[in-house]
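J.: Structure here, sequence nowhere to be found:
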Ligand SMILES: Cc1cc2nc3c(=O)[nH]c(=O)nc-3n(C[C@H](O)[C@H](O)[C@H](O)COP(=O)(O)OP(=O)(O)OC[C@H]3O[C@@H](n4cnc5c(N)ncnc54)[C@H](O)[C@@H]3O)c2cc1C
């Protein structure tokens, strides 16, 4: 996969097709007998665990049903790319793309053993495939195809600002893991969710960023989680309530982000995460992005803003992606980022 400059300016486009998540219909039987995950046929996986993250999303852990080792292409793609797999809904014969979460860092993996695939999947109201997946019991068999490289992180990129909406955090985590192998790299994630339940216990690293009263309230709420009521109920002072909430269990994705942060500090300038929650009236502001663009030290051509999330989120920040000759392209830069002086920062819409 190569990057092609589509036009002068900060926008860059994916050189090859991001077949990604477009729904499609199958015109023949798939061959689920192939044992290793591969892009051409569907491979059976067993759902070994489903951990709820919130009322609408969960982490699905899938294991190759045949215990076959991962192909070289899977090992390569996860080193440097944002990648996805497709899952088939067998009754409707449609498939959707999902983004594997990076492997957890606990314990050295056996190179020959197949890696479990973990996916953060939100159940969309009325969504065909996500509803099917959320209804599956543990030990059910699913059919997967992939990997699909959605975007290859250029070798010279060392600084990334990642604007993530909802499950757009999954590719951000893939990028964080890829950057953790690059000495001197730096990544800042600005993660927006509609509800706090998606990121319970998540406290922004740059709390001073929350300079507006609106944002500061959001940060306090993020650790208080309705503290005054809670404090009254359990007879705690407000300070006790703050402490107890800090100690409360963090959400699964928040914990994983913390683990990635710990991992990223070894050789890099670190990973920072800022949390924004619609229901707390904290929203990513253009100034938040500008502030992070300004706190840079890397050489030219190595800085990237990635925008990932629902279509409306991408459109708001960077303008729509555009379909050309049956494939999705970056389209012109639009939205909030177009209004900013991006300097030598480039933009990529995922
Ligand atoms: C590269 C890539 C990676 C992705 N990674 C993830 C991931 O890691 N996690 C994740 O959760 N998602 C991810 N997605 C999104 C995922 O692929 C699906 O789009 C999502 O799960 C919804 O699929 P669905 O079949 O459940 O919903 P669909 O059936 O496609 O419906 C989607 C929404 O549209 C509405 N809708 C459907 N038909 C109509 C209609 N005729 N009129 C009006 N409304 C309608 C539905 O009610 C629903 O709210 C990714 C997408 C891409 C492209």
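T.: All right, it came through fine. Computed from a predicted model, the values in this text were never measured in an experiment.
J.: quick one: residue 71 and residue 40 touch, right?
T.: No - applying CB atoms under 8 Å as the test, residue 71 and residue 40 come out as separate, 11.0 Å apart. Using the backbone N, CA and C atoms, a C-beta is placed for each residue, glycine as well.
J.: Neighbour count: the two, which is higher?
T.: Comparing residue 71 with residue 40 by neighbour count (other CB atoms under 10 Å), the higher total belongs to residue 71, at 17 against 9.
J.: what's the distance between that one and residue 99?
T.: For residue 71, the distance to residue 99 equals 19 Å [CB to CB, to the nearest Å].
J.: Can you name the residues that contact the closest residue in space to residue 99 that isn't next to it in sequence?
T.: What sits nearest to residue 99 in space, not counting adjacent residues and going by CB to CB, 6 or more residues apart in numbering, is residue 170, at 3.9 Å. Contact analysis of residue 170 by CB atoms under 8 Å, 6 or more residues apart in numbering lists 98-101, 119-120.
J.: Give me the secondary structure label for the residue lying closest to residue 171 once chain neighbours are set aside.
T.: Leaving out its chain neighbours, the residue that sits closest to residue 171 by CB to CB, 6+ apart is residue 82, at 4.5 Å. Following DSSP: H, G, I helix; E, B strand; the rest coil, we place residue 82 in the strand state.
J.: and residue 82, bridged to which residues?
T.: With DSSP bridges as the criterion, residue 82 is bridged to residue 151.
J.: how's this protein carved up into domains?
T.: Per the TED database, the structural domains of the chain span 43-150, 153-206+250-349.
J.: Format the ones you listed as TSV; extra columns: mean pLDDT.
T.: Listed next are those as TSV, based on pLDDT from 0 to 100:
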stretch	mean pLDDT
domain 43-150	90
domain 153-206+250-349	92
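J.: now stretch 310-328: how far from the chain's centre is it?
T.: Centroid displacement of stretch 310-328 relative to its chain, using CA atoms, centre = their mean, to the nearest Å, is 17 Å.
J.: Could you pull out the buried residues of it?
T.: By 16 or more other CB atoms under 10 Å, the buried positions in stretch 310-328 come out as 313-319, 321, 328.
J.: do the same with stretch 191-199
T.: Those would be 191-193, 196-199, for stretch 191-199 by 16+ other CB under 10 Å.
J.: Return the member of these nearest to residue 45.
T.: Among the buried residues of stretch 191-199, residue 198 lies closest to residue 45 (CB to CB), at 24.9 Å.
J.: mind checking how far the closest residue to the ligand within the stretch 101-250 of the chain is from residue 92?
T.: Closest to the ligand within the stretch 101-250 of the chain is residue 127: 2.3 Å, counting by CB to the nearest ligand atom. Counting by CB to CB, the gap from residue 127 to residue 92 is 12 Å.
J.: What of residue 47?
T.: Separation of residue 47 from residue 92 (CB to CB): 18 Å.
J.: Helix or strand: which one has residue 61?
T.: Assessed by DSSP states H and E, residue 61 sits inside strand 57-64.
J.: In its sheet, which strands sit next to that strand, and in what direction?
T.: Short version: by DSSP bridges, strand 57-64 pairs with strand 43-52 (antiparallel), strand 117-122 (antiparallel).
J.: Where does the stretch 251-350 of the chain get nearest to the ligand, residue-wise?
T.: residue 350 (7.3 Å).
J.: shouldn't that residue be in contact with residue 174?
T.: No - at 10.1 Å, residue 350 does not count as touching residue 174 under the criterion of CB under 8 Å.
J.: Next, show the common contact partners of the two.
T.: By CB under 8 Å, 6+ apart, residue 350 and residue 174 have these common neighbours: residue 82.
J.: which other residues reach whichever strand or helix holds residue 87?
T.: Assigned by DSSP H and E, residue 87 belongs to strand 81-89. Residues outside strand 81-89 that contact it (CB under 8 Å, 6+ apart): 1, 20-21, 26, 30, 37, 42, 77, 94-100, 117, 119, 128-129, 132-133, 142-153, 171, 174-175, 178, 350.
J.: what do you get if the cut-off is 7 Å, keeping everything else the same?
T.: Under the contact criterion CB atoms under 7 Å, 6 or more residues apart in numbering, strand 81-89 has outside partners 20-21, 42, 77, 95-100, 117, 128-129, 132-133, 142-153, 171, 174-175, 350.
J.: Same question for stretch 120-133.
T.: By CB under 7 Å, 6+ apart, stretch 120-133 touches 53, 56-60, 87, 89, 92, 94, 96, 98, 101, 134, 166-167, 170, 253.
J.: can I assume the residue nearest to residue 99 sits in a helix?
T.: Yes - looking at residue 170 with three-state DSSP, it is inside a helix.
J.: Now do it against residue 69, distance only.
T.: 24 Å.
J.: what's the strand holding residue 61 in contact with?
T.: Contacts of strand 57-64 with the rest of the structure, by CB under 7 Å, 6+ apart, involve 37, 43, 45-53, 101, 114, 116-122, 133-134, 142, 144, 167, 198, 252.
J.: go with 8 Å
T.: Outside strand 57-64, the residues within contact range by CB under 8 Å, 6+ apart are 35-37, 43-53, 101, 114, 116-123, 133-134, 142, 144, 167, 198, 252-253.
J.: out of the residues you listed, who's near the ligand?
T.: Residues of the contacts of strand 57-64 in contact with the ligand (CB under 6 Å from any ligand atom): 119-122, 167.
J.: quick revisit: filter the contacts of strand 57-64 down to the buried ones, ChimeraX style.
T.: Selecting only the buried entries of the contacts of strand 57-64 in ChimeraX, with 16+ other CB under 10 Å as the criterion:
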select :35,36,37,43,44,45,46,47,50,53,101,114,116,117,118,119,120,121,122,123,133,134,142,144,167,198,252,253
